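J.: Next comes the sequence, and after it the predicted model I'd like to discuss.
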Amino acid sequence: MNIGVVVFPGSNCDHDCQYVFRDVLGQDVSMVWHKESSLAGLDAVILPGGFSYGDYLRTGAIARFSPVMQAVKRFAADGGLVLGICNGFQILLEAGLLPGAMLRNKSLHFICRETYIKVENASTPFTNACKPGQVLKIPIAHADGNYYTDPVTLASLQANAQAVFRYCTADGTVAPESCPNGSLDNIAGIRNAEGNVLGLMPHPERCAEAMMGNDDGRAIFLSMITTCERKQSVGVR
Amino acid sequence: MKAKIHVTLKQGILDPQGKAIEHALDSLGFKNASNVRVGKYMELDLNETDKARAEVAVKSMCEKLLANTIIEEYRYELSA
């Protein structure tokens, strides 16, 4: 599998993603500078975490106009897998590849700690290695992760099982107290209607090998690899 | 022309910064202050003399970049 990791000015989790896919999971990884206009030859694209363009104006607001984002839009429209982590999720929202927007965390704090998220939909290209309802322990590190969308969009996200991850307690209870940032409906990650674009605030690349004391994040990357292998075996991208 | 642009969170959307400031004002004794909303202020020079065209340009800037209309609203003033 050939993974492209997009590098924006201010990305800082790009090398972590590269490390996990290349060194931990043995895949081919290309770093894609944000000025690139082609994603030819890639099976999946990662928009990593960080502070693209210093988070100026709004998180992700300026990165979405990087040349590479036109290519990401085409790649997604052609059915390619796109994963946005943290700032990558914020960029996908600003680019309109996923619905909604991020508000400042309810507490106003930058929160950096472990969270538990529940896999609400285990039949996506990003979660097929998980069990339905499985609880993953994955850390967050953000100031703007308070997911918001209008009531109509929220209802359609729920109706189409697009709210893929929700913040929960260690035993999987989704309650207001288990939401670290004020996100609507405890949403930690969503997918698009077609299912090939996913954004999440927690950082699975920070917990993808046993040496780190937690490898819950690995399931998301393994799911993507399985998806691409299946696609290759039937001859589509 | 000069454009002065204000962007704030829409009414009805929780503004945690506004709330924090409201609490601070309250603890300073300003009991008559409420409904604090925090926003952004931007100003820019437009190479344009026609007010209608300037308005079209500023509106487009706000819609495309300066405000995220899912959560924010904007207003602007144009002056010579």
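T.: Received, thanks.

J.: and the gap between A:G49 and A:Q162?
T.: 21 Å (C-beta to C-beta, to the nearest Å). (Glycine included, C-beta is placed from N, CA and C.)

J.: Those two: who's more crowded?
T.: Set A:G49 next to A:Q162 and count neighbours by other C-beta atoms under 10 Å in any protein chain shown: A:G49 wins out with 27 against 23.

J.: Check whether that one really touches A:L83, as I assumed.
T.: No. Taking contacts as C-beta atoms under 8 Å, A:G49 lies outside contact range of A:L83: 11.1 Å.

J.: Check chain A for the residue nearest chain B and tell me.
T.: A:A101 (4.2 Å; C-beta to the nearest C-beta).

J.: residues touching that residue, list them.
T.: A:A101 makes contacts with A:93-94, A:147-149, B:68, B:70-71, as judged by C-beta atoms under 8 Å, 6 or more residues apart in numbering or on different chains.

J.: If it is in a bridge, with which residues?
T.: Beta-bridge pairing for A:A101 (DSSP bridges): A:Y148.

J.: Just the buried positions in stretch A:107-114, please.
T.: By neighbour count on 16 or more other C-beta atoms under 10 Å in any protein chain shown, the buried set for stretch A:107-114 is A:I111.

J.: tell me the mean pLDDT over that stretch?
T.: On average, the pLDDT along stretch A:107-114 is 95.

J.: again with stretch B:68-80
T.: Mean pLDDT, stretch B:68-80: 96.

J.: anything in that stretch near chain A?
T.: Yes. Under the criterion of C-beta under 8 Å from any C-beta of the partner chain, stretch B:68-80 makes contact with chain A via B:68, B:70-71.

J.: and which of these is nearest to A:K106?
T.: Ranked by distance to A:K106 (C-beta to C-beta), the residues of stretch B:68-80 next to chain A are led by B:I71 at 13.9 Å.

J.: For the closest one, which non-adjacent residue is closest in space?
T.: Distances taken as C-beta to C-beta, 6 or more residues apart in numbering or on different chains put A:A101 closest to B:I71, at 4.6 Å, once the chain neighbours are dropped.

J.: What ranges does chain B have for its helices?
T.: Using DSSP state H, the helices of chain B run over residues B:16-27, B:51-61.

J.: Rounded mean pLDDT for the longest one, please.
T.: Right, the one you point to is helix B:16-27. For helix B:16-27, mean pLDDT rounds to 94.

J.: Chain B: strands as residue ranges?
T.: In chain B, the segments counted as strands under DSSP state E are B:2-9, B:39-45, B:72-79.

J.: Packing partners of the last one?
T.: Here strand B:72-79 touches strand B:2-9, helix B:51-61, going by 3 or more C-beta pairs under 8 Å, 6 or more residues apart in numbering or on different chains; DSSP states H and E.

J.: can you check the second one too?
T.: For strand B:39-45, the elements it packs on are strand B:2-9, judged by 3+ C-beta pairs under 8 Å, 6+ apart.

J.: Show me what the strand it packs on pairs with in its sheet, parallel or antiparallel.
T.: strand B:39-45 (antiparallel), strand B:72-79 (antiparallel).

J.: ok and that strand relative to helix B:16-27, angle-wise?
T.: On the basis of axes from the mean of the first three to the mean of the last three C-alpha atoms, to 10 degrees, strand B:2-9 is oriented at 80 degrees to helix B:16-27.

J.: residues contacting A:F165?
T.: A:117-120, A:136, A:187-189, A:200, A:202.

J.: And for chain B, the residue most distant from the center?
T.: Ranked by distance from the centre of chain B (C-alpha atoms, centre = their mean), the top residue is B:G29, with 26.8 Å.

J.: Residues of chain A that sit close to chain B?
T.: For chain A, the contact set with chain B under C-beta under 8 Å from any C-beta comprises A:57-58, A:61-62, A:65, A:94, A:100-101, A:103-108, A:146, A:148-150, A:182.

J.: could I get the residues of stretch B:68-80 next to chain A as TSV with neighbour count?
T.: Shown next, in TSV, are those (neighbours: other C-beta atoms under 10 Å in any protein chain shown):
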residue	neighbour count
B:N68	21
B:I70	19
B:I71	20
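
J.: Need the residues you listed in CSV (columns: distance to B:A80).
T.: As requested, these are exported to CSV (distance: C-beta to C-beta, whole Å):
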residue, distance to B:A80
B:N68, 30
B:I70, 33
B:I71, 32
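
J.: So for A:K131, what's the nearest residue that isn't a sequence neighbour?
T.: Excluding the flanking residues, the one nearest A:K131 by C-beta to C-beta, 6+ apart is A:A122, at 6.1 Å.

J.: pLDDT value on the one you found, please?
T.: 97.

J.: what helix or strand is it on?
T.: For A:A122, there is no helix or strand it lies in under DSSP states H and E.

J.: Quickly list what A:V135 is bridged to.
T.: Residues in beta-bridge contact with A:V135 (DSSP bridges): A:K118.
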